[in-house]
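J.: I would like the atomic coordinates for the input below:
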Amino acid sequence: MEMETGATGEKVRPLRLLAFLTLLGAMIAPAGAAEVESNRKSLADLSIEELMNESVTSVSKKETKLVESPAAISVITQEDIRRSGLTSLPELLRTVPGLDVARVNGNQWAISSRGFNDQYANKLLVLVDGRAVYTPTFGGVFWNAQDVVLEDVDRIEVIRGPGATLWGANAVNGVINITTKSAKETQGGLITTSVGTEDQPSTSIRYGGQIATNLFYRAYVKYFSRDGLVDSTGKDAPDDWNSIRGGLRLDWDPSTENKLTLQGDYYSSTIRANINEPNLTPPAFFQSVNLKAQNSGGNVLGRWAHTFSEASQLTLQSYYDHFKQDDGHSSVYQDTYDFDLQHRLALGTRNDLVWGAGYRLTQTRVTSSFFATATPETRNLQLFSVFAQDELTLVPNRLRVILGSKFEHNDYTGLEIQPSGRLLWTPSERQTIWGAASRAVRTPTIADRDIRANVSAFQPSPFAPAILISSFGNPDFKSEELIAYELGYRIEPSKRLSLDAAGFYNIYNGLVGYVPGPMQFEASPTPHLVVPAAAQNSQAGEAYGAELSARWQVTDHWRLMGSYTWLHLSLRPDRSTEANSPQQQFQIRSYLDLPHHLELNGAAYFVDQIQSATRDATLPVSSYVRFDLGVTWRPTKSLELGIWGQNLLDNRHAEFYSVRTSLQTEVPRGVYGKVTWRF
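T.: Next comes the predicted model:
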């Protein structure tokens, strides 16, 4: 039974809604009228000072206070996740200043930092529990393959700006480090279910227990079925998806000096999409098809951490990752074997050294179709790396300098050196001034070197041969290079207010551009002419901007967070991607604790206009304001109920278009309810 209402064509399913409300009633009934004290911290307990002193690891590969980190870094905490009402990792990244997050369709996002946003953005490194989810096929992330039980996330650290000295190639414009809680921290059971206009439904079940002394485990399974977006007329778009995944984690502390972790995950998903693929059949010379893709993947990771002393630790980590990503015509198969060693030690009283080495083997296979052909079809890519970074204290508790470099050898360009220098000055306990200069590279991908993609076809006249426009990989393509300069300032004027400002100036050289070549004749599959465009390191440019953010504890029960981002990007000679990222973004979020264990949480986001490419043309995407509002209630220690409205200010709005189709999808207004039960 379905009813369609409203301009957006949002579906209301009475039977599912009734089942959801019945479940709420059944779980609330045993609690009676008496209120039980919640085990959550109030906003007053999570003071601004505590948040600024929170430890982060992504900047220096060791624990440092957020306020003393010499980089533009933001942290999404578990409290931020719970209060946001956002249900996926890509959507959570909207809350980070300086990140550009745009929804392409129901199962794809364009995400970047400091410009260059694209459906296949390739200058952002993403890690999940120390496992890189970068793919050498196009140099980015398949966001629809990344998922976790959000209640098990400890924090998400986001660095805007290069992190290549520690994390290596492709950490060009930023690093996202997603860290989940240990099994010891997730004991007991958890069931969470949400249902609404998009989630139909989404359910996570997790249980953690203890096997032996200091040996803990966590097992989970998560399933969701998500409706797609809508087209420009408000009708349902063919881009819905569903996924099931499960996993197990073991954490063992055999002694106070040793910690062992073993974890693994497996997922399988079905994704629908509309694509326009060129062909040589008149008169249209392309076909528009709705595809159904079956994707799957899994990973196993092991980590041993040994503490020699408070100033000396050793970590060994290894993982295997496999996935198959399908778009209905071509498939990417990838197997990654990774080994990493990291050692921190103090050299005297003024030097704190972190060094490490790593090896990665990535085996890829790209199946061919008329749209894309890889030559060769399979690749075995090796990466060897060594890094060292020294933190030198010039004036105790006041002035430090951090120098380091990453040395990597890859199969495409050989040795790449990525140094950085950072200066950290803390004139007082409540102020930090930092500056940095860095070099980072994006190494070539399979798309840059090996893949031919047929972009479009047409016939100039009825009796002329068809013309096929194709892009070609270039076996001589080199790394893209960034030289970055950054300056930042943090201040905590009072225990209720913190301010963070960062400015940057980036110089890019050797960026990819597609240079047309002479027309060629091909006889197969039917006689036609080809207009080739080869990948070249033909572009250069500059980007500069500023990022401002603030946290204000208005009262013991009310907190406001806000940010503003300004970006200017200039490329030459081809300026087509300059406007892919908004020049200005603004957001404000509010957390309000109410009596009787109620919370009122809201967020407003402004995103400036951009230009986005479809299969046929580059089109403007208007600026928009998104407003989310949610109410949660915790009637007992173990039960939480919530309802959220998202995109409440308009029926629908576009955020980004896909280069694979002329279908323009838009994000509709939505509402959903959620039940979380811990036992």
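J.: tell me how far the ends of stretch 325-332 are from each other?
T.: 5 Å (CA to CA, to the nearest Å).
J.: what does that stretch contact?
T.: Contact with stretch 325-332 is made by 135, 137, 142, 145, 273, 275, 277, 289, 291-295, 297, 323-324, 334, 364-372, 660, as judged by CB atoms under 8 Å, 6 or more residues apart in numbering. C-betas here are computed from N, CA, C, even on glycine.
J.: at 7 Å instead, please
T.: 137, 142, 145, 273, 275, 277, 291-295, 324, 364, 366-369, 371-372 (CB atoms under 7 Å, 6 or more residues apart in numbering).
J.: Give me the subset of those residues lying in helices.
T.: Judged by DSSP state H, helices contain none of the contacts of stretch 325-332.
J.: Are any of the residues you listed buried, and if so which?
T.: Buried residues within the contacts of stretch 325-332, counting neighbours by 16 or more other CB atoms under 10 Å: 137, 142, 145, 273, 275, 277, 291, 293, 295, 324, 364, 366, 371-372.
J.: which residue is nearest the centroid of this protein?
T.: Pro90 (5.2 Å; CA atoms, centre = their mean).
J.: rewinding a little: could you save the buried ones among the contacts of stretch 325-332 as CSV and add columns showing pLDDT and distance to Tyr624?
T.: As requested, the buried ones among the contacts of stretch 325-332 are exported to CSV (pLDDT from 0 to 100; distance: CB to CB, whole Å):
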residue, pLDDT, distance to Tyr624
Thr137, 92, 31
Phe142, 92, 26
Ala145, 92, 27
Ala273, 90, 23
Ile275, 89, 25
Glu277, 85, 30
Leu291, 87, 28
Ala293, 89, 29
Asn295, 93, 30
Lys324, 94, 35
Thr364, 96, 37
Val366, 94, 36
Phe371, 86, 31
Ala372, 89, 33
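J.: closest to Tyr564 among those?
T.: Nearest to Tyr564 among those is Phe142, at 30.8 Å by CB to CB.
J.: Relative to Val289, how far out is the residue nearest to the closest one when sequence neighbours are not counted?
T.: Leaving aside its chain neighbours, Phe142 sits nearest to Gln325 (5.3 Å; criterion: CB to CB, 6 or more residues apart in numbering). Going from Gln325 to Val289 by CB to CB, to the nearest Å gives 18 Å.
J.: Give me the more crowded residue out of the two.
T.: More crowded of Gln325 and Val289, by other CB atoms under 10 Å: Gln325, with 21 against 14.
J.: Can you show me the helices along this protein?
T.: 14-28, 48-52, 78-84, 89-92, 164-167, 446-449.
J.: and the buried ones among the contacts of stretch 325-332 as JSON lines, adding distance to Glu578?
T.: As requested, the buried ones among the contacts of stretch 325-332 are arranged in JSON lines below (distance: CB to CB, whole Å):
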{"residue": "Thr137", "distance to Glu578": "25"}
{"residue": "Phe142", "distance to Glu578": "26"}
{"residue": "Ala145", "distance to Glu578": "29"}
{"residue": "Ala273", "distance to Glu578": "27"}
{"residue": "Ile275", "distance to Glu578": "26"}
{"residue": "Glu277", "distance to Glu578": "28"}
{"residue": "Leu291", "distance to Glu578": "31"}
{"residue": "Ala293", "distance to Glu578": "32"}
{"residue": "Asn295", "distance to Glu578": "33"}
{"residue": "Lys324", "distance to Glu578": "35"}
{"residue": "Thr364", "distance to Glu578": "31"}
{"residue": "Val366", "distance to Glu578": "30"}
{"residue": "Phe371", "distance to Glu578": "27"}
{"residue": "Ala372", "distance to Glu578": "26"}
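J.: Determine the set of other helices and strands touching the longest strand that the chain contains.
T.: If you go by DSSP state E, the chain has its longest strand at strand 528-555. Other elements packing on strand 528-555 under the criterion 3 or more CB pairs under 7 Å, 6 or more residues apart in numbering; DSSP states H and E are helix 48-52, strand 466-472, strand 497-516, strand 520-522, strand 558-572.
J.: in that strand, what counts as buried?
T.: In strand 528-555, counting by 16+ other CB under 10 Å, buried: 528-530, 532-537, 539-541, 543-545, 547-551, 553.
J.: How many residues are close by Ser428?
T.: 9.
J.: Okay, and the beta partners of it?
T.: In this entry, Ser428 is beta-bridged to Gln431, by DSSP bridges.
J.: Look up how far Ser55 lies from it.
T.: Taken as CB to CB, the span from Ser428 to Ser55 is 21 Å.
J.: coming back round to it: grab the nearest non-local neighbour of the residue nearest to the centre of the chain.
T.: That would be Trp109: by CB to CB, 6+ apart, it lies 4.2 Å from Pro90.
J.: how about the one you found, what does it touch?
T.: Trp109 neighbours (CB under 7 Å, 6+ apart): 90, 101-103, 143.
J.: show me what contacts the residue lying closest to Leu600 once chain neighbours are set aside?
T.: Leaving aside its sequence neighbours, Leu600 sits nearest to Leu592 (CB to CB, 6+ apart; 4.5 Å). Contact analysis of Leu592 by CB under 7 Å, 6+ apart lists 557-558, 599-600.
J.: for Leu649, phi and psi?
T.: Reported as degrees, to the nearest 10, the phi and psi values for Leu649 are phi -90, psi -20.
J.: Give me the distance between it and Ala603.
T.: 12 Å.
J.: Looking at those two, which one has more neighbours?
T.: Counted by other CB under 10 Å, Leu649 and Ala603 do not tie: Ala603 has more neighbours, with 22 against 12.
J.: which ones are touching that one?
T.: Ala603 touches 84, 587, 589, 628, counting by CB under 7 Å, 6+ apart.
J.: In terms of pLDDT, where does the nearest residue to Gly298 once chain neighbours are set aside sit?
T.: Excluding the flanking residues, the one nearest Gly298 by CB to CB, 6+ apart is Tyr266, at 3.9 Å. At Tyr266, the model reports a pLDDT of 97.
J.: Contact partners for Tyr266?
T.: 245-247, 298 are the contacts of Tyr266 under CB under 7 Å, 6+ apart.
J.: do that again at 10 Å, thanks
T.: 244-248, 296-300, 322 (CB atoms under 10 Å, 6 or more residues apart in numbering).
J.: And the pLDDT for the closest residue to Tyr489 other than its chain neighbours?
T.: Excluding its sequence neighbours, the residue lying closest to Tyr489 (CB to CB, 6+ apart) is Ala501, at 4.9 Å. pLDDT recorded at Ala501 is 97.
J.: tally of neighbours for Ala501?
T.: 16.
J.: Ok, the one 5 residues further on next?
T.: Residues within reach of Asn506, counting by other CB under 10 Å, total 24.
J.: What of Glu522?
T.: What Glu522 shows, counting by other CB under 10 Å, is a neighbour count of 14.
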